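Enquirer: How does the following fold in three dimensions:
(2 chains)
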Amino acid sequence: MSSATDVYLPYDEAISRYEPIIGIETHVELGTNSKMWCGCSTAFGAEANTHVCPVCLGLPGSMPVVNRQAIESTIRIGLALNCTIADWCRFARKNYFYPDMPKDYQISQYDEPLCFDGYLDVTVATDDGPQVVRVEIERVHMEEDTGKLSHTGGATGRIHGADYSLVDYNRAGIPLIEIVTKTVIGTGKLAPEVARAYVTELRDVMRALEVSDVRMEEGSMRCDVNLSLNKPGDGWGTRSETKNVNSLRSVERAVRSEIERQASVLDSGGRVIQETRHFNEDTGRSTSGRSKEQAEDYRYFPEPDLLPMAPSRDWVEELRAGLPEMPSVKRARLMIEWQISEFELQTLANSGAIERVEATIAIGVDSSAARKWWTGELLRVANEQGLELDQLNVTPQDIQQVEVLIASGALNDKLARQVFEGLIGGEGTVDAIVQSRGLAVVSDDGALLAAIDEALAGQPDVAEKIKSGKVQAAGAIVGAVMKATRGQADAAKVRSLLLERLGVSE
Amino acid sequence: MSDLIRQSAATLAAAIASRETSAVEVTQVHLDRIAAVDDKVHAFLHLTGDSALAQAKSIDARIASGEQLGPLAGVPLALKDVLAMKGEPTTAGSRILEGWRPPYDSTVVQRLRAADIVILGKTNMDEFAMGSSTEHSAYGPTHNPWDLDRIPGGSGGGSAAALAAFEAPLAIGTDTGGSIRQPASVTGTVGVKPTYGGVSRYGQIALASSLDQPGPCARSVLDTALLHAVIAGHDPMDSTSINAPVPDVVGAAQRGDVRGMRIGVVKELGGDGYQAGVAQRYTEALNLLQDLGAEIVEVSCPHMEYALGAYYLILPSEASSNLARFDGMRYGLRAGDDGSNSVEQVMAITREAGFGPEVKRRIILGTYALSSGYYDAYYAQAQRVRTLITRDFNAAFEKVDVLASPTAPTTAFKLGEKLNDPIAMYLNDVATIPVNLAGICAMSLPVGLAPEDGLPVGFQFMAPAMADDRLYLAGGALEAALVDKWGHLLIEEAPSL
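Expert: Numbers count the residues shown, from 1 in each chain, chains lettered A, B, ... in the order given. Here you go, the predicted structure:
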């Protein structure tokens, strides 16, 4: 048996000897207005236990009623993942005890999920170019979230050693869906990339469907990674389940690390045990959790407080017809429309800029200009400040205004960057910042001529050169004028005024 | 004893509406009666006298101002302690809920309040409605007003005894396998288990969700119908609640007519094992129905003999899950929380201290029946039997309008007599359980005293789902004929205590 401090087998060695088999379970909190079984708000971050009622607290006598919007979202997810939608299915009770579980059973779906047998195609980069991998989906089922415990006292913040624990039930009863893949075989050394690409694609699908805010850092999307290794030709190995992996990067790292760990266990003649493991974001390694040697018996049985669900075929078809463009289809379209390469598109996608760029184009900004600002200057600032693009204080309308000013000659790119700096700093509107920072291009001929004359006077030798026909020397004077106007002049205009002044032609 | 406590609910409501008496007076005489006799009967666990009198006062004021109120306005009621009532103790007869006051009203209570029915208090019951004698209450047994040494039935013994002791003219029970009808049977009162989904379960502390059903209890068929009409109807808070109009139970009770009605006698529910006096009064009642113009037809429901077995797998399975929430973490009793025990240990110690032996027995049984490896052999098989029983009923109702059987195999047995023999206790519900498994409706009404012990005998009518009105049509006719014969309702023969 291995522990987190053991030396792991290097990845290349591990993967040269073993074949990984992965499976991913993804929980997604649905962005419904109300909870799964009651009318309580699902808003994140409210004061503890303010969004609760007898139903979501599981008080004696209370009963659940299914949230229709959650069913609708789940069906749409199923359709987007190419699943079959059940004609008839039921909820089940999953019986186990935990202090943050109001009823001490979770209402879930077990052998009768709402959606099943689908797939999601994902693209991974390989040395031989992009490769499409089909990840098959076993099922998409509905369940409810639990409350949240916080442990006070004790050094670790965990339940053991704590003086007391507090429970916040605001999250209890928020609709959750679980998307379970079938085992993914044959990815070889690409397993970590496939895992990451799958979760990324899944996240993009959820965003496109607008069914969840899929914020992994807030836990509204979280993954459990199942992994086993086998020697080519041998039977399947024992799997481990790494729980609650909370970022795209961690998904990839968790798979990679687990391949290394299990390979080192097997290499040293050990046996991988079936267990849950906890991934540590800091170390990139996982530690052993609860052993599944004595598997828990959840005593599933059909939930008698809820009627079975039988979504009508008409409803399902109506929902299918209303599905948005899927991210992969959209990417293909954008590559053509924006005339960009897959790599450029990937950059846009990774930076989360696609929606911003689209929104900016939608209000009339030229596509290359929209891309330039969002993936250039604005992405740089966002990265510096550790923010997402949509958290910057810049809207597509701002970009449009800046572009209008550039087109009219009132701003140039350099000045525009200062406008964005002002916007991000909360200095007001585009116009207000141009005003307050005095950023408008100097276009008054009189002012420019005065500056030109001053520059010429300062460099009489250069003036002579130009007059003698060495037009290329004009750059020095133009540069001096630009410096004098703090960049707020149109260089081309300065140049033409200068030549005109000296009576020289190009 | 004031005359008022012997009046029917319908009579009391009329007297209050016409201001011959007042809701306050009616409430007060019942509270006085409870004060006088309940130390002997122990029907109540908790009285809500102050709020009852305040409510009665406001009802009187509204009547005085000319407001037209509902047909039971101002009439007092005894509420089984398994239904949540905002701010009042609700224990389900268990220590584990001692001191818990729900922050909400069950739908039944909301409808009672909306109908201006005055709730006097919470009645005793077998712990979490598990039992047929009310001896499994953590707060001590209830005594049968006909003979204080005998059981009042269960689990709704408190509600039935409150009616029989003239402590309240109306009561609410819940019926999972007979907990309304069997207590009605042994106390000489009327009890109806409505169609499953006919009355909302929202706010009823669940025993077995697929079987539980709140229902009305009273001393006459008409009073039961009036209460039925108040509490029945669709509730969006209960997914299993039926979204259809409530049958006209009051009209049916008033008409009371069995002419041309085909009444099926279930062969499997009328044979061996019945006390002689029970069988005798049952047969006499059938003859009376025939005299009234009904046709008696024998029908067979061959799977009934498996009903008890299926029930005692399904009920504990669901109960083991429903009772999981009583773990000492959020409300009610918490034991062992002295800092030396883990969370799991606190849960275990609390449950050990808070649950009685019958509850533990059923939790263990249900946990076992649902566990992987046994699920198919027990729970799944029991569900198949349940389907067969439902089909038996459906087939029978193709031939007849209602079915009939004795409600319980015996009259009230002695306190303690079956306490240590769970199987003997379970057998008491053999005729009532199939109704719950099939989700249909049934009524128990008194048809006389058994000659050998002078105790009431109950007669059960069963009708198809959503045909609750047929129970009242048949029950109303039978009751009227018996009143003609005796000159009064059977309950008038109950000891005055």
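Enquirer: low-confidence ranges in the stretch 351-500 of chain A?
Expert: For the stretch 351-500 of chain A, the stretches with pLDDT under 70 are A:443.
Enquirer: Could I get the full set of helices for it?
Expert: For the stretch 351-500 of chain A, the helices defined by DSSP state H, counting those that start in this stretch occupy A:354-362, A:367-372, A:379-385, A:396-407, A:413-424, A:430-437, A:445-458, A:460-467, A:474-484, A:491-502.
Enquirer: Mind giving me the packing neighbours of the third one?
Expert: Of the remaining helices and strands, those touching helix A:379-385 by 3 or more C-beta pairs under 8 Å, 6 or more residues apart in numbering or on different chains; DSSP states H and E are helix A:413-424. The way it works is simple: take the backbone N, C-alpha and C, and place the C-beta from them, glycine included.
Enquirer: Now B:Met443: closest residue in space that isn't a chain neighbour?
Expert: B:Leu471 (4.1 Å; C-beta to C-beta, 6 or more residues apart in numbering or on different chains).
Enquirer: For the spatially closest residue to B:Ala232 that is not a sequence neighbour, give me its contacts.
Expert: Leaving aside its sequence neighbours, B:Ala232 sits nearest to B:Val246 (C-beta to C-beta, 6+ apart; 4.4 Å). By C-beta atoms under 8 Å, 6 or more residues apart in numbering or on different chains, the contact list for B:Val246 reads B:198, B:229, B:232-233, B:468.
Enquirer: go on, B:Pro495?
Expert: Taking C-beta under 8 Å, 6+ apart as the test, what B:Pro495 contacts is B:145-147.
Enquirer: which of the residues you listed has the most neighbours?
Expert: Comparing the contacts of B:Pro495 on neighbour count, B:Pro145 comes out first with 28 neighbours (neighbours: other C-beta atoms under 10 Å in any protein chain shown).
Enquirer: hang on, isn't that one packed against B:Glu493?
Expert: No: using C-beta atoms under 8 Å as the test, B:Pro145 is too far from B:Glu493 to be in contact (11.3 Å).
Enquirer: which residues of chain B score low on pLDDT?
Expert: Ranges of chain B meeting pLDDT under 70: B:1-2, B:271.
Enquirer: just the strands in it please.
Expert: B:44-47, B:76-80, B:118-123, B:170-174, B:190-193, B:214-218, B:262-266, B:295-299, B:402-406, B:441-449, B:456-463 (DSSP state E).
Enquirer: okay, those strands, which one's buried deepest?
Expert: strand B:190-193 (a mean of 33; mean count of other C-beta atoms under 10 Å in any protein chain shown).
Enquirer: Check which strands are paired with it and give the direction for each one.
Expert: Note on strand B:190-193: by DSSP bridges, its sheet partners are strand B:214-218 (antiparallel), strand B:441-449 (antiparallel).
Enquirer: Assign A:Ser150 to helix, strand or coil.
Expert: Here A:Ser150 is strand, with the state taken from DSSP: H, G, I helix; E, B strand; the rest coil.
Enquirer: and it, how many neighbours does it have?
Expert: A:Ser150 has 14 nearby residues by other C-beta under 10 Å.
Enquirer: Setting the sequence-adjacent residues aside, check what's closest to it.
Expert: A:Leu166 (5.2 Å).
Enquirer: residues in contact with the one you found?
Expert: A:48, A:149-150, A:152.
Enquirer: of all those residues, which comes closest to chain B?
Expert: Closest approach to chain B among the contacts of A:Leu166 (C-beta to the nearest C-beta): A:Leu149, at 9.9 Å.
Enquirer: mind checking how far B:Leu47 is from B:Leu31?
Expert: 7 Å (C-beta to C-beta, to the nearest Å).
Enquirer: any shared contact partners between those two?
Expert: Joint contacts of B:Leu47 and B:Leu31 (C-beta under 8 Å, 6+ apart) are B:Leu120.
Enquirer: Can you name the residues of the stretch 251-400 of chain A that neighbour chain B?
Expert: Contact residues, the stretch 251-400 of chain A versus chain B (C-beta under 8 Å from any C-beta of the partner chain): A:297, A:299-301, A:304-307.
Enquirer: how many neighbours does residue 64 have?
Expert: Picking chain A for this. 23.
Enquirer: ah, I was thinking of chain B
Expert: B:Ala64: 10 surrounding residues under other C-beta under 10 Å.
Enquirer: Distance of the closest residue to it other than its chain neighbours relative to chain A?
Expert: Closest residue to B:Ala64 apart from its sequence neighbours, by C-beta to C-beta, 6+ apart: B:Arg19 at 7.3 Å. Separation of B:Arg19 from chain A (C-beta to the nearest C-beta, to the nearest Å): 37 Å.
Enquirer: what about B:Arg19, how many neighbours?
Expert: By other C-beta under 10 Å, neighbour count at B:Arg19 equals 10.
Enquirer: okay but it is in contact with B:Ile63, surely?
Expert: Yes: assessed by C-beta under 8 Å, B:Arg19 is found in contact with B:Ile63 at 6.4 Å.
Enquirer: so where do the strands sit in chain A?
Expert: A:19-29, A:84-85, A:92-95, A:105-108, A:115-126, A:129-144, A:148-152, A:164-168, A:175-181, A:221-230, A:240-245, A:275-280, A:285-291, A:301-302.
Enquirer: strands paired with the second one, and their directions?
Expert: Going back to what we said before, that points to strand A:84-85. Applying DSSP bridges, strand A:84-85 is found paired with strand A:115-126 (antiparallel).
Enquirer: now could you export just the CA positions of the strand it pairs with as CSV?
Expert: The C-alpha atoms that make up strand A:115-126 are tabulated as CSV, following Å, rounded to 0.1, in the frame of the first residue of the first chain:
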residue,chain,number,x,y,z
CYS,A,115,-31.5,10.0,-19.1
PHE,A,116,-29.2,7.2,-20.2
ASP,A,117,-27.0,5.9,-22.9
GLY,A,118,-25.5,9.0,-24.4
TYR,A,119,-22.1,10.3,-25.4
LEU,A,120,-19.9,13.4,-25.7
ASP,A,121,-17.2,13.9,-28.3
VAL,A,122,-14.1,15.7,-27.0
THR,A,123,-11.0,16.9,-28.8
VAL,A,124,-7.5,16.5,-27.4
ALA,A,125,-4.3,17.7,-28.9
THR,A,126,-1.8,15.1,-29.8
